[in-house]
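Colleague: prediction below, plus the sequence it came from.
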Amino acid sequence: MINKAGVLGAGQMGSGIAHVLAQQGIEVVLFDIAEAQLGKAVAGIEKNLERQAKKGQLESAAIPAIMGRIRTTQAMEDLADCDMAIEAVTEKEALKLEIFRKLDGIVKAGAILASNTSSIPITRIAAVTGRPDKVIGMHFMNPVPVMQLVEVIRGLATSDETFAATTALVARLGKETAVSADYPGFIVNRILIPMINEAAFALFEGIATVEDIDKGMKLGTNQPMGPLTLADFIGLDTCLAIMNVLHEGFKDSKYRPCPLLVKMVEAGYLGRKTGRGFYTY
Ligand SMILES: NC(=O)c1ccc[n+]([C@@H]2O[C@H](COP(=O)([O-])OP(=O)(O)OC[C@H]3O[C@@H](n4cnc5c(N)ncnc54)[C@H](O)[C@@H]3O)[C@@H](O)[C@H]2O)c1
């Protein structure tokens, strides 16, 4: 049973993970190197809880107790007595390996060490620790309090016990598990990002306009939005980075990034965040 969890990284994902854990009665120690990020995370979580209360999804009287379960720290040592640690720091392999090496020496024996990485092999992360059987991938979707799915990724050495405890936690958070083996893109990005890349190829090759590609997929396959609209939301730089992970990971030309996608990223047309992507905002 997980009563106390550490969350490493208080960015977009880490703050969402801390939010859903605390809401289910779990004590959270939220760790980041940047003090400003910790303050921003706490304020953001409170605002999101208030929004949930306004929508009737939560009693507003419950908010102080939920917030009271979240403690922030800039010292990793404060995670020592956690039953589980979930890492959500910046997506850089060297950084994650360093964090797991250190975490392994701090968090009590027997505790599970999970990573929210989108692209770094769990098996590689596990190998720098002395407890590879206790290391697992927990890939939450953004925004965490809203999205139903968590991809759970088993590294080569992940034990059945670790897997069972992790999926039990996902269920306790009111979310669903999709189980993936430890290969590039896991399930969702493996299928979603090549679809977006193919939509970029359709545009690049003059098959159809931006609007008709999106209309075709939205109305023709019942998706809530077309692939190019979605790419603008995700960020074209993120889409390209994931295509590169698939291309390099599988060494298969079917994952080659569309030249138009590459060119748009070079131009700084990254989607909504820069005001211009496949659409202009
Ligand atoms: N954003 C998404 O849609 C999404 C979805 C699923 C998974 N992920 C994954 O989640 C992870 C975090 O992504 P994010 O979007 O929350 O990033 P973010 O940039 O919002 O947050 C990263 C946080 O890590 C902190 N950090 C950096 N170095 C640190 C260190 N040495 N020690 C402690 N904290 C440190 C930063 O201060 C920052 O607060 C990444 O691995 C990413 O691939 C992101």
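Modeller: It's in. Numbering: from 1, shown residues only.

Colleague: pLDDT score for residue 119?
Modeller: Each residue has a pLDDT score; the one for residue 119 is 88.

Colleague: and the gap between the closest residue to it other than its chain neighbours and the ligand?
Modeller: Spatial nearest neighbour of residue 119, chain neighbours left out: residue 245 (4.4 Å); criterion: CB to CB, 6 or more residues apart in numbering. (Each C-beta comes from the backbone N, C-alpha and C, glycine too.) Going from residue 245 to the ligand by CB to the nearest ligand atom, to the nearest Å gives 10 Å.

Colleague: can you give me the neighbour number for residue 245?
Modeller: A count of neighbours around residue 245, defined by other CB atoms under 10 Å, yields 20.

Colleague: sec struct for the residue with the largest distance to the centre of the chain, please.
Modeller: The C-alpha centroid of the chain is most remote from residue 206, which lies 33.7 Å away (CA atoms, centre = their mean). Here residue 206 is recorded as coil under DSSP: H, G, I helix; E, B strand; the rest coil.

Colleague: that one and residue 192: what is the separation?
Modeller: Residue 206 sits 24 Å away from residue 192 when distances are taken as CB to CB, to the nearest Å.

Colleague: same check on residue 24?
Modeller: Taking CB to CB, one finds residue 24 at 28 Å from residue 192.

Colleague: same check on residue 248?
Modeller: From residue 248 across to residue 192, the span is 18 Å (CB to CB).

Colleague: and these two? Which one has more around it.
Modeller: Shown here are residue 248 and residue 192; by other CB under 10 Å, residue 192 has more neighbours (17 against 12).

Colleague: buried residues, the host helix or strand of the more buried one. List them.
Modeller: Using DSSP states H and E, residue 192 maps to helix 188-204. Of the residues in helix 188-204, 189-190, 192-194, 196-197, 199-203 count as buried by neighbour count, 16 or more other CB atoms under 10 Å.

Colleague: all set, thanks.
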